[in-house]
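[1] Fold the following for me, if possible:
(3 chains)
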Amino acid sequence: MMDALSDLLGGFADALTPVNLLFALLGVLLGTAVGVLPGIGPAMTVALLLPITYVLEPTSAFIMFAGIYYGGMYGGSTTSILLNTPGESSSIMTALEGNQMAKAGRGAAALATAAIGSFVAGTIATLLLALVAPTVVDLAIGITAADYFALAVLAFVAVSTVLGSSPLRGLASLGVGLYLGLVGTDVLSGQERFTLGIPQLSDGIDVVVVAVALFAVGEALYVASRLRRGPVQVMPASGPYMTREDLRRSWKPWLRGTALGFPFGALPAGGAEIPTFLSYAAERRLTKHPEQFGRGAIEGVAGPEAANNAAAAGVLVPLLTLGLPTSATAAILLAAFTGYGIQPGPTLLTTESTLVWTLIAALLIGNAMLLVLNLPLAGVWVQLLRIPRPYLYAGILLFASLGSYAVNADPLDLVILLLLGGLGFLMRRYGWPVAPAVIGLILGPIAETNLRRALAISGGDLGVLVETWFSRIVLALALLALAGPIVLRAVRGRRSTPEELQEGARLRHREDEREVRR
Amino acid sequence: MTGPGAGRDGPAGATRSDREPAAPVAQEFRGRNTGELVMTVALGALGVYLVLDAGTIAVPGSANTVGPRFFPYLVGGLVIATALALGYRVFRGDRGPADESEDVDPTAGTSWRAVGVIAVAFLAHALLINVVGWPLAVTLMFGTVAWALGARGIVRPLLAGGITSIVVWVVFVKALNVALPGGTLLEWATSWV
Amino acid sequence: MTGAQPVVVVGVVPTPRGRAALEHAVLEAQRRSARLVVVNSSRGDALVDEEFLFGDRLRQLHADLTVSGVPFEVRQPVGRDVAEELADAAADTDADLLVIGLRRRSAVGKLLMGSAAQRILLDVDCPILAVKGPPGEDAR
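    Numbering: from 1, shown residues only, chains lettered A, B, ... in the order given. Sure, this is the predicted structure:
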């Protein structure tokens, strides 16, 4: 415990240099901007910036990535509150109450409770990360290759079935990602696999190309295919920032949101969506002002926003201690680690302790920067949205081209980018989530290595996979996550008819109260 | 699960004659069913390809029981099983939830024309990069994409693309040393940097 | 056209120059006992357009116009330039007068952005009243 604190102080000493502060500032500015802009998010931005890792020091690069990671969430909550356009499902709850608050002339208070709540939750959760990480590493140091494979399976299944709304489509997306991860030369045997005889593919398809294609190009094509015309209403950030009453009603939801968000993020089956829903439900039940829910209750902004940020910090626990990514952004960060030749996993904290602690300190610094930057500047960020859509999406494609070409300076990468971009478009068009594909691509090869290592030790006996209690429990959880949705459907025992689906599609365009019931 | 597209205040219809979603939505759903089946069949084909092609991966003699084929078989099996289950569901009338991005019109039909123009523009720029340099190629791509998305005029998109691409090129090539062909003119003009 | 009641068309944006234009349009409509057609348009190509009226501001506009006693109609077309929309509105109402607010702009700004007012002057056949906002306030 004390070790963690002194290590963290050391991290601060390394992070608080002018150059690193500059990168932190750059990161939070970029992150907020992409959080505000539609169509791009932190995962894609970090992916686009991966080529920068060739020229930057790891510390500087990760400080910037950390800023982007946290900044994206602040930007997302601003647009959720002022424009009612939650970019990610974890912001839906914020938009629900936050936009109502803004409509009632309390936009500034909604922004303030979201920003301060994010800051409080982000800070507590990052400190928890610092405290928990060494302990988790101590536990993880003994895990076997089979255990790691079990964890990867759990992450695969959870990301595919628990987070999305259609488990089968999540699995389909995962399969596509695993396939893309297989293309190239097998590390252990040196054999080429699925390269179609194209020599450039023997090194595999670059992570940057796949991530940028699925996120940026796919999104640009999808938006182009059903372009929205006309502006949406922007609520002014009016009213006082925070009254004593607001603060009194906010601080408990902040803490409860943190308590819900961090563990959910830290679990391999985590993600930020579930804890924000849970936090909203909890606040609705505990509030003294139930009549305000649905009409702008400050608790309904404070809790979910805190949960969202705490979950984001929680996701870093499995990433930094086990090398296990459970969100798209975490997967890209993992790719950045491997790009530097750093092996993420239980040994990371000892072999790269300076880097890890500087990163954690940078997260805390970035969090404070975001609070200072965003509370007064929310209105300024919204101005970014005055960029006409044609320029915005043409610009996204410009940067996609830059990032992908910079990897190998080979136009073939751009052709692959376009093909995979078309795939990303079709996935969006038919409701396949994109995140499982990215995680499959990045975690797939690691899972395979561990699987084969485990089987090599056992001489091919599959029993090794369930030899330890740890792997048994983890695999059982994975099975539960896989079978759960199917069983639920069977129990409910009804299928949606096309007529009902039509009705559902119509409902989708109404004020949705359905989310509340969850 | 309902997406974020819901609950927006009147999306600026000219006459505010509220949308009548029923008819277009019905059409939309009929169209999507075929598309979903195609996606599912494609997924199944990927699975079959994975399994068949995995059989041709050379296994070095020294390798023990678990060689480079094992995991591909596993993935292929997963993909085929998913495709079968998904095919069954789609056949029974299941529809995927459309991805509700922040900035799309959920009631709009798919404009394949815009998608096609953008894809062609992007392909053309990929082939042009090594011929005319990145800034010029990407400027043309930017202009075409902006035009396909309904930007006003021709000069302004090209101007915006040109300025952005040159600034980005200078920053990334001159300051960050990223390899990016600038084209003869630009490379000559900035050779002193 | 109908009942030969004169028509005044005005382009409105939520800025000082827009308010100045609206004030003059109301005065003109009262003087001519004309019907007022208020046009507030958006090109609709960005997610945020602060010149397009929503919610409270739109209600306020309705309230102000109701108080003025002039018969009015508010049009909010989306998708084309202000100049085109105003020219269209003037043409299809057979307007007697078009009132527009003028932006104060430098020569360079005009060169880069073009001028909506200039295009309106060229396209519209009816008399046009151009109103400038209070000095200094329209810098945006």
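
[2] tell me the mean pLDDT for whichever helix in chain C runs longest?
    Ranked by number of residues, the top helix in chain C under DSSP state H is helix C:16-32. Average pLDDT, helix C:16-32: 89.

[3] Which secondary structure elements does it sit against?
    For helix C:16-32, the contact count by 3 or more CB pairs under 8 Å, 6 or more residues apart in numbering or on different chains; DSSP states H and E identifies strand C:7-11, strand C:35-39, helix C:55-68, strand C:97-102, strand C:128-132 as packing neighbours. Placement of C-beta: from N, CA and C, glycine included.

[4] Now the element after the longest one, going C-ward?
    Heading C-terminal from helix C:55-68, the first helix or strand you meet, by DSSP states H and E, is strand C:72-75.

[5] quick one: which of the helices and strands packed on helix C:16-32 is nearest chain B?
    When the helices and strands packed on helix C:16-32 are compared by CB to the nearest CB, helix C:55-68 sits nearest chain B, at 6.3 Å.

[6] tell me which strands and helices the closest one is in contact with?
    Packed against helix C:55-68, as judged by 3+ CB pairs under 8 Å, 6+ apart, are the following elements: helix C:16-32, strand C:35-39, strand C:72-75.

[7] Can you point out the buried residues in the last one?
    With burial defined by 16 or more other CB atoms under 10 Å in any protein chain shown, the residues of strand C:72-75 counted as buried are C:72, C:74-75.

[8] Tabulate those residues (TSV), appending pLDDT and distance to residue B:93.
    Formatted as TSV, the buried residues of strand C:72-75 follow (pLDDT from 0 to 100; distance: CB to CB, whole Å):
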residue	pLDDT	distance to residue B:93
C:72	90	50
C:74	90	44
C:75	89	43
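
[9] between those residues, which is closest to residue A:244?
    Proximity of the buried residues of strand C:72-75 to residue A:244 (CB to CB) peaks at residue C:74, which lies at 41.6 Å.

[10] if we can go back for a sec, just name the most buried of the helices and strands packed on helix C:16-32.
    Stretch with highest mean neighbour count among those: strand C:7-11 (a mean of 28; mean count of other CB atoms under 10 Å in any protein chain shown).

[11] does chain B sit close to that strand?
    No: judged by CB under 8 Å from any CB of the partner chain, strand C:7-11 stays clear of chain B, getting no closer than 15.4 Å.

[12] interface residues of chain C facing chain A?
    C:42-50, C:52, C:54-55, C:78-79.

[13] hang on, residue A:445 packs against residue A:185?
    No: with contact defined as CB atoms under 8 Å, residue A:445 does not reach residue A:185; the gap is 10.8 Å.

[14] These two: who's more crowded?
    residue A:445 (19 against 15; other CB atoms under 10 Å in any protein chain shown).

[15] which residue sits closest to that one, ignoring its sequence neighbours?
    Closest residue to residue A:445 apart from its sequence neighbours, by CB to CB, 6 or more residues apart in numbering or on different chains: residue A:181 at 5.1 Å.

[16] Quick one, grab the pLDDT at the one you found.
    Turning to residue A:181, the model gives it a pLDDT of 92.

[17] try residue A:449
    Confidence score, pLDDT, at residue A:449: 90.

[18] mind giving me the domain split of chain B?
    For chain B, the structural domains run B:22-91, B:112-189, going by automatic domain parsing.

[19] returning to what we had before: of all the helices and strands packed on helix C:16-32, which one is nearest residue A:72?
    The closest of those to residue A:72 is helix C:55-68. By CB to CB, the value is 28.3 Å.

[20] What segments of chain A are strands?
    Secondary structure of chain A, counting by DSSP state E: strands at A:184-185, A:192-193.

[21] Is the first one in proximity to chain B?
    It stands for strand A:184-185. No: using CB under 8 Å from any CB, strand A:184-185 stays clear of chain B, with a minimum separation of 9.3 Å.

[22] Any stretches of chain C with poor pLDDT?
    Under the criterion pLDDT under 70, the flagged ranges of chain C are C:1-3, C:105-114, C:135-140.

[23] correction: chain B
    Applying pLDDT under 70 to chain B flags residues B:1-32, B:61-65, B:98-102, B:193.

[24] and if we set it to 90?
    Along chain B, segments meeting pLDDT under 90 span B:1-37, B:53-70, B:88-114, B:130-133, B:148-156, B:168-193.

[25] quick one: the helices in it?
    Counting by DSSP H, the helices of chain B are B:22-54, B:70-91, B:112-132, B:134-148, B:155-169, B:184-189.

[26] most tightly surrounded among those?
    helix B:134-148 (a mean of 25).

[27] Who are the packing partners of that one?
    Judged by 3+ CB pairs under 8 Å, 6+ apart, the packing partners of helix B:134-148 are helix A:218-225, helix A:389-408, helix B:112-132, helix B:155-169.

[28] change it to 7 Å
    Counting contacts by 3 or more CB pairs under 7 Å, 6 or more residues apart in numbering or on different chains; DSSP states H and E, helix B:134-148 is packed against helix A:389-408, helix B:112-132, helix B:155-169.

[29] returning to what we had before: could you dump the helices and strands packed on helix C:55-68 to a markdown table with distance to residue B:36?
    Output for the helices and strands packed on helix C:55-68, formatted as a markdown table (distance: least, CB to CB, whole Å):
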| stretch | distance to residue B:36 |
| --- | --- |
| helix C:16-32 | 48 |
| strand C:35-39 | 44 |
| strand C:72-75 | 41 |
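
[30] Any chance of the backbone angles for residue C:79?
    phi 120, psi -20 (degrees, to the nearest 10).

[31] Could you verify my assumption that it touches residue A:231?
    No: Residue C:79 is beyond contact range of residue A:231, at 11.2 Å (criterion: CB atoms under 7 Å).

[32] which neighbours do the two share?
    Taking CB atoms under 7 Å, 6 or more residues apart in numbering or on different chains as the contact rule, residue C:79 and residue A:231 both touch residue C:44.

[33] Settle it for me: which of the two has more neighbours?
    Using other CB under 10 Å, the more surrounded residue of residue C:79 and residue A:231 is residue A:231, with 24 against 16.

[34] Skip the chain neighbours and tell me the closest residue to the more buried one.
    Spatial nearest neighbour of residue A:231, chain neighbours left out: residue C:49 (3.8 Å); criterion: CB to CB, 6+ apart.

[35] Enumerate every residue touching residue B:162.
    residue B:139.

[36] Would you mind measuring from it to chain A?
    11 Å (CB to the nearest CB, to the nearest Å).

[37] Next: residue B:50.
    Note on residue B:50: its distance to chain A, by CB to the nearest CB, is 6 Å.

[38] Which single residue in chain B comes nearest to chain A?
    For chain B, CB to the nearest CB, closest residue to chain A: residue B:96, 2.5 Å.
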